[in-house]
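A.B. asks: give me coordinates for this.
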Amino acid sequence: MNREGIAYLTITSLLILLAGILVTIVVPSLESPLSTQASRPPYTEQELRGKMIYQREGCWYCHTQQVRLPEVGVGTVQIKGDIGPESKPEDFVYDKPVLWGTERQGPDLAHIASRPYGAVKEWHIIHLKDPQSLNPGTVMPSFAHLPEDELEALAAYLLTLK
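C.D. replies: Next comes the predicted model:
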């Protein structure tokens with residue numbers, strides 16, 4: 001291959017790389033949740049601390065916080081339709097990183113605070129300390145080892161998931 005062919009190949013490769021960067025990084029960042037109107041107020045200091053505990057303790061491995069279109073109106077936790085509406089980008093405007101979940105072993109927490117039992121802070125604290133007492137047969141581990149202030153913060157964060 002001559003120098004002219006190598007130059008064309010190099011320029012073409014760089015243009016393809018640039019197009020890939022544009023499509024996978026630049027365009028999605030322009031359409032990110034940060035550019036949409038927030039559907040809820042920013043986290044308080046306690047709620048933000050609770051989110052960090054949620055992340056640190058690995059809660060997001062088993063619990064998703066993203067309702068997908070096929071799940072809307074189906075309900076998977078207590079009563080039909082209790083998982084709430086489909087998630088929208090503005091639901092995650094303050095979430096960096098977004099904790100959507102990985103394994104989906106536990107119930108979806110996207111709208112946990114909108115459910116009758118989920119709107120009660122004490123319910124969450126009892127559930128965190130002894131999950132079996134409220135949900136017999138659950139595989140969720142106990143978080144009774146957490147100090148009371150961390151349990152309070154974690155419950156405060158869960159109450160933001162409406």
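A.B. asks: quickly list the domain ranges of this protein.
C.D. replies: 3-31, 39-158 (automatic domain parsing).
A.B. asks: most packed of those?
C.D. replies: Mean neighbour count (mean count of other Cβ atoms under 10 Å) peaks for domain 39-158 among the domains of the chain, with a mean of 16. (Each C-beta comes from the backbone N, C-alpha and C, glycine too.)
A.B. asks: ok, back up a step: can you lay out the domains of the chain as JSON lines showing mean pLDDT?
C.D. replies: Output for those, formatted as JSON lines (pLDDT from 0 to 100):
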{"stretch": "domain 3-31", "mean pLDDT": "85"}
{"stretch": "domain 39-158", "mean pLDDT": "80"}
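A.B. asks: for the protein, what spans make up the helices?
C.D. replies: Under the criterion DSSP state H, helices of the chain are mapped to 3-21, 27-30, 45-56, 59-62, 121-129, 131-134, 148-158.
A.B. asks: packing partners for the first one?
C.D. replies: Here helix 3-21 is seen to pack against no other helix or strand when contacts are counted using 3 or more Cβ pairs under 8 Å, 6 or more residues apart in numbering; DSSP states H and E.
A.B. asks: P141: what's it in contact with?
C.D. replies: Residues in contact with P141 (Cβ atoms under 8 Å, 6 or more residues apart in numbering) are P131.
A.B. asks: can you check H124 too?
C.D. replies: 118, 154-155, 158-159.
A.B. asks: thinking again about what came up before, right, and the helices of the chain - which one's nearest P97?
C.D. replies: Nearest to P97, of all the helices of the chain, is helix 45-56, at 7.8 Å by Cβ to Cβ.
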